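Undergrad: here you go, sequence then predicted model.
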Amino acid sequence: MTSRRHLLATALAPVLGFSARGEAIPPSPQPSGELPPSTGPYALPNSFVHLLPDPQTGRRYEVWVDLPPGVRPSSTNSLAAVFVTDAPYAFPLVRALRHRVGQQGRNLADFAVVGLAGPADESAVSMRNRDYTPTDPLSRPSRSARHYGGGPYGGAADYLRYLADVAVPAVSARYGLDPKRRVILGHSYGALFAAQVLLTQPALFSHYILGSPSYWFDDHVLFQREAEHARTHRDLPARVYQYVGGYEAVGQGARYNSETDMVADMRRFQTLLQRRRYRSLHIESHVLAGEDHLTVAPGGATSGLLWALPGRGPYTGG
């Protein structure tokens with residue numbers, strides 16, 4: 001019977017320059033500077049893609065799942081999980097942060113990354129414009145369109161239903177996700193959507209990381225939604241972490257916002273919630289100096305993950 005060692009030696013022999021019997025072999029001719037043919041797209045190890053359509057709208061959404069090294073798909077797992085909006089950007093970013101910052105559970109608890117992805121035949125911009133926003137500002141002729149790209153807008157209620165009724169239950173059951181350590185992380189419109197989940201179905205996630213939330217959208221309509229929630233609720237059981245870049249205020253210079261003060265909006269949202277004196281709410285907000293709307297996400301996500309899913313310790317920075 002051929003041993004595994006012999007098979008390995010046979011496979012590596014051409015690479016090492018020797019035959020399987022130890023004889024020198026000439027190198028394969030390779031013109032200087034010529035790149036060998038590609039072997040296919042790079043695949044992230046231990047990652048899985050599931051087509052998970054919305055049965056009501058028919059939209060062919062996908063969920064992308066990445067498990068920590070050594071963890072196999074199983075309904076008997078008890079895994080922390082981070083659900084990320086804007087999956088094409090956030091999924092590989094948060095996965096990399098788990099590996100680099102997490103240090104195999106020492107600095108960050110090991111967790112599954114769940115990317116909430118749109119249909120493969122639809123642009124990410126179209127999906128987020130429609131699914132992450134609470135209203136359609138372009139439906140009113142008096143509303144200026146200069147702050148908005150292509151529509152449609154206002155599909156967040158449908159997407160939240162899909163998330164709560166289809167995506168979260170299906171992924172949690174298949175991979176054994178712990179509901180007490182189920183985080184949602186969103187940036188910009190993604191954070192606007194996560195804030196809507198917070199005010200509508202707060203128990204869907206245990207922790208909310210809201211990065212540079214677009215509270216400015218449609219004349220700050222989310223603040224109206226917060227007031228509506230407060231009229232019918234006496235508590236908000238949730239843990240919320242907000243961050244925004246220091247340049248996301250109005251100021252002089254290329255990196256500052258020209259009109260929208262997202263720093264003030266973030267602080268306003270915290271103040272509104274704290275004034276309600278919700279017994280079960282914990283909220284904190286941070287301004288990251290030297291960062292703008294495009295650069296703040298990696299650092300903000302890192303600090304939010306350390307807050308939501310601390311590791312076993314002691315922390316190591318090297």
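TA: Good, I have the coordinates.
Undergrad: now residue 111, what are its backbone angles?
TA: phi -150, psi 160 (degrees, to the nearest 10).
Undergrad: residue 78 is in contact with that one, correct?
TA: No: assessed by C-beta atoms under 8 Å, residue 111 is found out of contact with residue 78, at 11.3 Å. Heads up, the C-betas are built off the backbone N, CA and C, glycines and all.
Undergrad: looking at the two, which one has more neighbours?
TA: The residue with more neighbours, out of residue 111 and residue 78, is residue 111; 27 against 10, by other C-beta atoms under 10 Å.
Undergrad: tell me the pLDDT of the residue lying closest to that one once chain neighbours are set aside.
TA: Once flanking residues are discounted, residue 111 sits nearest to residue 80: 3.9 Å by C-beta to C-beta, 6 or more residues apart in numbering. Looking at residue 80, its pLDDT reads 98.
Undergrad: also the one 10 residues further on?
TA: If you check residue 90, the pLDDT there is 98.
Undergrad: you'd agree it is in a strand?
TA: No: Residue 90 sits outside any strand when classified using DSSP: H, G, I helix; E, B strand; the rest coil, being helix.
Undergrad: correct me, but it touches residue 115?
TA: Yes: counting by C-beta under 8 Å, residue 90 does reach residue 115; the two are 6.9 Å apart.
Undergrad: shared neighbours of those two, anything?
TA: By C-beta atoms under 8 Å, 6 or more residues apart in numbering, residue 90 and residue 115 have these common neighbours: residue 84.
Undergrad: residue 206 versus residue 174, what's the distance?
TA: Per C-beta to C-beta, to the nearest Å, residue 174 is found 19 Å from residue 206.
Undergrad: who has more neighbours, those two?
TA: residue 206 (20 against 16).
Undergrad: can you pull the contacts of the more buried one?
TA: Residues near residue 206 by C-beta under 8 Å, 6+ apart: 179, 180, 181, 182, 183, 239.
Undergrad: what pairs with residue 79 across the strands?
TA: Note on residue 79: beta-bridge partners residue 177, judged by DSSP bridges.
Undergrad: and for the residue lying closest to residue 248 once chain neighbours are set aside, the neighbour number?
TA: Nearest residue to residue 248, sequence neighbours excluded (C-beta to C-beta, 6+ apart): residue 262, at 4.0 Å. When neighbours are defined as other C-beta under 10 Å, residue 262 has 23 of them.
Undergrad: isn't residue 262 up against residue 215?
TA: Yes: between residue 262 and residue 215 there is a contact at 7.3 Å, judged by C-beta under 8 Å.
Undergrad: and for stretch 156-167, what are the contacting residues?
TA: 52, 54-57, 59, 61, 63, 116, 130-134, 193, 196-197, 200-201, 204.
Undergrad: could you do stretch 229-236 as well?
TA: With C-beta under 8 Å, 6+ apart as the criterion, stretch 229-236 contacts 198, 199, 200, 202, 273, 276, 278, 279, 280, 281.
Undergrad: just the ones of those in helices?
TA: Of the contacts of stretch 229-236, the ones assigned to helices by DSSP state H are 198, 199, 200, 273.
Undergrad: which of these has the largest number of neighbours?
TA: In these, the most neighbours by other C-beta under 10 Å go to residue 198, 25 neighbours.
Undergrad: tell me the contacts of that residue?
TA: Taking C-beta under 8 Å, 6+ apart, one finds 208, 236, 238, 240 in contact with residue 198.
Undergrad: who wins for neighbours among those?
TA: Most surrounded of the contacts of residue 198: other C-beta under 10 Å gives residue 208, at 24 neighbours.
Undergrad: got the phi and psi for that residue?
TA: Per degrees, to the nearest 10, the backbone of residue 208 is at phi -120, psi 120.
Undergrad: can you tell me how far it sits from residue 75?
TA: Computed as C-beta to C-beta, the residue 208 to residue 75 distance reads 26 Å.
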